[in-house]
Each structure stands twice: as C-alpha cells, then as structure tokens.
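Asker: Take this sequence and fold it.
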Amino acid sequence: RVIIKPNICTARSYEYAATTNPWVVAALVKLCLEAGAARVQVMDYPFGGPAEQVYAVSGIEEQVRASGGEMVVMTKFKFVDTDIPQGQSLKRAAIYDDILKADVIINAPIAKNHGLAGLTLGMKNLMGVIRDRPPLHWNLGQNLADLTSRVRPTLTVIDAVRMLMANGPTGGNLNDVKQADTVIASADIVAADAYASTLFGWQETLPYVQAGAAMGLGRSDLENLKIEEINAAA
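Answerer: Numbers count the residues shown, from 1 in each chain. From the prediction side, this is the model:
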C-alpha cells in the first residue's frame, strides 16, 4: 500500500505553482502500480478550502483517477496522538493514522516560496500529515526535522516544473511563477531539500535542512554526494 503526499494546500490550478503539478503526481501513481503496488492513495490536509474542492481545482484528482489511483479526504477522527522519540523540540503530534501504517510513503511537494519557512520543500510538506499546525511555527526548523524523524518518506519527489518564487505559500500571481521544468527525486529527504533550495539561489542553509542533517536524517553536503542530472529530451 502506497500513499503519495503532494501539496494540495489551497484551491489553485497548477499554473500558479501553489500545488503540486497534477501530471507529476499522476506519473508517480502510474509508476507505483507498474511496480506492483496493490493500492495507491493520494491525500493532503488542505487549509485553503474543503478537500473535495481543493482536490478538484488543483487538477490532481482528475489526473490521479485517470492513472488508477485513489484520492482520499483526510478526516479529523483518523489523526492519532503519536510520540516522536527522536524529537528535540516536537515530542508528540497528532499524525494521520494511514500515514503511519502505509508500506511506502512518497512525499511529492512543489518547490515554492514560503513567508515563514523560507521555502516549502520536502520536509515542510510533511506538515500536511498532522492535525494541529500552529504550534509547529515556533522553532519551525527543528520541529520539521523532528516530524521527519517520525514520518520517514521512502522517496521524496520535488516538483519544480513550475516554481513559486514569491508570495508563497498560496501565491495567486502568475508573475511570481518560474518555469523550471525540473523534478528532483531522492531517497534522502534532506539532500532533496538542500538541492532544491539551490534552484532559488539560496546561499544559506534552510533551518529545517540544517536541523535534519544534524539529526542524521540525511545529508546536505551536496558537494560530496552523487547527483545525476538526466535531460528528458536526450
């Protein structure tokens, strides 16, 4: 059983780069089924409208269903108070039960600007698996690393086909969008986030990337990692 967790935070169509590209999500569904997955579910816990509306407007629901996946509305009663043993700041959180029980989690965020976190990437996208988000905004970087230590995606696939460069996380102005035609995939969520941040010209390390590397959740020393660039046109 596979769960794909895109960013479907608000009711925007994919052009605005506030939500994960529908065709990236659909490709992941298709690849999982081809690899032998018995069931592929796609879900998020939006804050910008009812899930049914947000799923439809984003275009993700249509593409997921066409690819053989299931769209799941995350209901409040299925969030379970969960200990975070490695947590340094966040010791406990209400995490969605299906996420905790999935055989495979694929984290599929869109790369975008975020007013508080700096950037929304893989680790930030995991906020969509918890019920109560406001407490995390204090000491956000460490809290995100703590959450990641409990919810460990098998794979992180960052959609940078269209990136929201300013006024995130919800955007709304096409002038803030950059076409980058890039997808980043790694089993190391910290490395994926560290690499994605370079697409925004970030010189400093994101606090949650720094915290995640310090906790041993992954590596941010890109100069020492094997990074393969594949040109889809080749």
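
Asker: so where's this protein uncertain?
Answerer: For the chain, the stretches with pLDDT under 70 are 203, 233-234.

Asker: Could you find the closest non-adjacent residue to the residue minimising distance to the centre of it?
Answerer: In the chain, the residue lying closest to the centroid (C-alpha atoms, centre = their mean) is Pro109, at 3.0 Å. Once flanking residues are discounted, Pro109 sits nearest to Asn125: 3.5 Å by C-beta to C-beta, 6 or more residues apart in numbering. For every residue, glycine as well, the C-beta is placed using N, CA and C.

Asker: Pull up the gap between that neighbour and Asp98, please.
Answerer: Per C-beta to C-beta, to the nearest Å, Asn125 is found 16 Å from Asp98.

Asker: Check which helix or strand the residue nearest to Ala66 when sequence neighbours are not counted maps to.
Answerer: Closest residue to Ala66 apart from its sequence neighbours, by C-beta to C-beta, 6+ apart: Ala26 at 6.7 Å. Ala26 belongs to helix 22-34 when assigned by DSSP states H and E.

Asker: Show me what that helix is in contact with.
Answerer: Contact with helix 22-34 is made by 2, 4, 6, 14, 40, 42, 58-60, 62-64, 66-69, 104, 106, 108, 157, 159, 161, 183, as judged by C-beta atoms under 8 Å, 6 or more residues apart in numbering.

Asker: count of residues packed around Val183?
Answerer: 18 (other C-beta atoms under 10 Å).

Asker: cool, Leu144 as well?
Answerer: Leu144 has 28 nearby residues by other C-beta under 10 Å.

Asker: quick one, strands of the chain?
Answerer: 2-6, 40-44, 70-73, 79-83, 92-96, 104-108, 110-114, 118-120, 155-164, 177-186 (DSSP state E).

Asker: Put together CSV for these, with distance to Glu223 on each row.
Answerer: Shown next, in CSV, are the strands of the chain (distance: least, C-beta to C-beta, whole Å):
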stretch, distance to Glu223
strand 2-6, 29
strand 40-44, 34
strand 70-73, 40
strand 79-83, 36
strand 92-96, 34
strand 104-108, 24
strand 110-114, 21
strand 118-120, 20
strand 155-164, 19
strand 177-186, 16
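
Asker: Of all the ones you listed, which one comes closest to Gly171?
Answerer: Checking those against Gly171 by C-beta to C-beta gives strand 155-164 as the closest, at 4.8 Å.

Asker: Can you give me the first-to-last residue distance of stretch 74-83?
Answerer: Distance between the boundary residues of stretch 74-83 (C-alpha to C-alpha, to the nearest Å) amounts to 20 Å.

Asker: For Ile227, list the residues it contacts.
Answerer: Here Ile227 is in contact with Tyr195 (C-beta under 8 Å, 6+ apart).

Asker: can we see that at 10 Å?
Answerer: By C-beta atoms under 10 Å, 6 or more residues apart in numbering, the residues touching Ile227 are 184, 186, 191, 195.

Asker: again, but for Ser197
Answerer: Ser197 touches 111, 118-119, 121, 203-206, 209, 220, 222, counting by C-beta under 10 Å, 6+ apart.

Asker: Arg162 versus that one, what's the distance?
Answerer: Applying C-beta to C-beta to Ser197 and Arg162 gives a distance of 17 Å.

Asker: likewise Ala66?
Answerer: For Ala66, the distance to Arg162 - C-beta to C-beta - is 20 Å.

Asker: For these two, indicate the residue with more neighbours.
Answerer: Shown here are Ala66 and Arg162; by other C-beta under 10 Å, Arg162 has more neighbours (22 against 12).

Asker: hey, what's the more buried one bridged with?
Answerer: Counting by DSSP bridges, Arg162 forms beta bridges with Gln179.
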